[in-house]
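In: got a sequence here, can you model it:
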Amino acid sequence: MESSFVNIIEKNCQKKENLISKSIGRYAYRSMLAGAALTLTTFAGTYSGDQVDKVIPGLGKFLYAFLFAFGLVYILFMHMELATSNMMYLSAGAFLEKINVKKVIYILFICTLFNLVGSIVTGWLINQTGLLKSIMGDGLLIHMVEGKLAQDSLEIFFSGIVANIFVNIAIISYLLLKEESSKVTIALSAVFMFVYLGLNHVIANFGSFLIAYFTNIGSQVEGLDILNVLRQWLFAFIGNFVGGGLILGLGYAWLNKTDSIYKD
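Out: A predicted model of the protein is given here:
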């Protein structure tokens, strides 16, 4: 019996490799859109959460996690390029010999770089609306950013592993499900969980840290200096790669590279 998972991985690796080879600009733009999507939903979620907390204290974090989760839904349905899901696709593809390792590293680098560019541009655009003037030091966004920047490197690393296990559970489930409504439900549920738990997703952290920087109180955010931010992003990235790339990407590729009839 042919594995649907292997076929999906092969198709996606070929599609990504073909696009970046023929038009790096188009690939970069799809990556920018993914960074933008998570930055927009981070801002919408934390902004709305602060408003809700004024009426029902404690409910804001729930609303933030719920709204942020739609960011992954947009990415999936609009075929944007997200580094943390590519960790799963490309690692599985390399194991299954559908793409070579050099190309994996290149695609992942370009994708991550332009996820960051998309977050920077979107953070700047949000700042021009004037909405960031209302962000206060005791709000959801600043509290979340300061908490993540205060973590030690090992905490960030292990948090990143768990975060991207959640994300790629959502991705793999989305790929294997047939009904569109089920796809949305699965994607929302898994992403909601990792966000509500406050786990580290490097691309989401691009957006949240940049929004915090653009606020009027950006200079007052504890730990928001360039070296600490780079440290946080680095260990979140490595953790995300272990969780999404090695544990789920290689794991599911290994499960499905078999003569057994038990395949996904």
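In: in contact with residue 107, which residues?
Out: 16-17, 20, 27, 86, 90 (CB atoms under 8 Å, 6 or more residues apart in numbering). C-beta: built from backbone N, CA, C; applies to glycine.
In: let's have these in a markdown table, adding neighbour count.
Out: What follows is these, written out as a markdown table (neighbours: other CB atoms under 10 Å):
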| residue | neighbour count |
| --- | --- |
| 16 | 24 |
| 17 | 20 |
| 20 | 21 |
| 27 | 21 |
| 86 | 27 |
| 90 | 30 |
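In: quick check: the farthest pair among those?
Out: 27 and 90 (13.2 Å; CB to CB).
In: overlap of the contact sets of these two?
Out: Overlap of the contact sets of residue 27 and residue 90 (by CB under 8 Å, 6+ apart) consists of 16, 107.
In: and residue 175, how far from residue 92?
Out: Residue 175 sits 11 Å away from residue 92, going by CB to CB, to the nearest Å.
In: and if you look at residue 264?
Out: 11 Å.
In: poorly predicted segments of the stretch 1-150 of the chain, please.
Out: 1 (pLDDT under 70).
In: give me the pLDDT value at residue 179.
Out: Note for residue 179: predicted pLDDT of 86.
In: distance of it from residue 231?
Out: Distance of residue 179 to residue 231, given as CB to CB: 42 Å.
In: of those two, who's got more company?
Out: residue 231 (17 against 8; other CB atoms under 10 Å).
In: residue contacts, residue 100?
Out: Residue 100 touches residue 94, counting by CB under 8 Å, 6+ apart.
In: now it. Its backbone dihedrals?
Out: Backbone torsions for residue 100, taken as degrees, to the nearest 10, come to phi -90, psi 160.
In: helix or strand for the residue nearest the centre of the chain, just tell me which one.
Out: Nearest to the geometric centre of the chain sits residue 203, at 4.7 Å (CA atoms, centre = their mean). Using DSSP states H and E, residue 203 maps to helix 202-214.
In: the helix or strand that that helix is followed by versus helix 202-214: what angle between them?
Out: Helices and strands here follow DSSP H and E; after helix 202-214, the next one along the chain is helix 226-240. If you take axes from the mean of the first three to the mean of the last three CA atoms, to 10 degrees, helix 226-240 sits at 160 degrees to helix 202-214.
In: can we start the residue count at 354 from this point?
Out: Yes, from this point I'll number from 354; that puts the last item at helix 579-593.
In: what is helix 579-593 packed up against?
Out: Other helices and strands packing on helix 579-593, by 3 or more CB pairs under 8 Å, 6 or more residues apart in numbering; DSSP states H and E, are helix 436-448, helix 493-502, helix 506-529, helix 555-567.
In: which of those sits closest to residue 579?
Out: helix 555-567 (10.1 Å).
In: what helices or strands is that closest one leaning on?
Out: So helix 555-567, by 3+ CB pairs under 8 Å, 6+ apart, packs with helix 377-408, helix 436-448, helix 454-481, helix 493-502, helix 579-593.
In: turn those helices into a markdown table, including distance to residue 571.
Out: Listed next are those as a markdown table, based on distance: least, CB to CB, whole Å:
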| stretch | distance to residue 571 |
| --- | --- |
| helix 377-408 | 14 |
| helix 436-448 | 25 |
| helix 454-481 | 10 |
| helix 493-502 | 9 |
| helix 579-593 | 12 |
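In: was I right about residue 512 contacting residue 595?
Out: No - the criterion here is CB atoms under 8 Å, and residue 512 misses it with residue 595 at 11.4 Å.
In: who has more neighbours, the two?
Out: residue 512 (23 against 19).
In: give me every residue that touches the more buried one.
Out: Here residue 512 is in contact with 504, 551-553, 589, 592 (CB under 8 Å, 6+ apart).
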